[in-house]
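Engineer: Next input, structure requested:
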Amino acid sequence: MNTPVVGLAAPRLVHSCTIRNNSNGPVRVQILYKGPSAHGRGDHQEISTGDIPAGGSFRAEERVTNHGSYTTRKEIAGIKVTRYNGQKQKLYAPFQGVHSVELNWLFVIDNWQIYSVNPNATMGQF
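Structural biologist: Purely as a prediction, here's the structure:
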């Protein structure tokens, strides 16, 4: 008798990223991090904010939670872009193209939207 094999999908998480602004104007970005609470109950959320001039970039570093005897990495759960004209756009995990745990992902903002981009597959693009 054959026993069925049950597998789980690989986690699709981004822990740190670079956000590149290829639009014609400056933007403000908010990065939402999510991870387990230091007290072990529920999730803890944290927001990082940065302004990116046209043609510039912003590095969202990895965030960790100290649990005393060990640490855990927070995942990037969402990105909110506010354009100079007040228009807001949001992108939430799971991000397109992410198929595993990523320590340095790329997001690109153009004049219309924000894209999730595999930095290893697009060398020279954007």
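Engineer: what's in contact with stretch 40-52?
Structural biologist: 19-21, 26-38, 58, 60, 63, 65, 67, 74, 77, 109 (CB atoms under 8 Å, 6 or more residues apart in numbering). Yep, even glycine has a C-beta here, placed from its N, CA and C like the rest.
Engineer: Dead centre of this structure: give me the residue that sits there.
Structural biologist: residue 76 (4.0 Å; CA atoms, centre = their mean).
Engineer: where does it land in three-state SS?
Structural biologist: strand (DSSP: H, G, I helix; E, B strand; the rest coil).
Engineer: hmm, which of the contacts of stretch 40-52 are the buried ones?
Structural biologist: When the contacts of stretch 40-52 are checked for burial by 16 or more other CB atoms under 10 Å, the buried set is 19-21, 27, 29-35, 58, 60, 63, 65, 74, 77, 109.
Engineer: circling back to that earlier point, skip the chain neighbours and tell me the closest residue to the residue nearest to the centre of the chain.
Structural biologist: residue 14 (4.5 Å; CB to CB, 6 or more residues apart in numbering).
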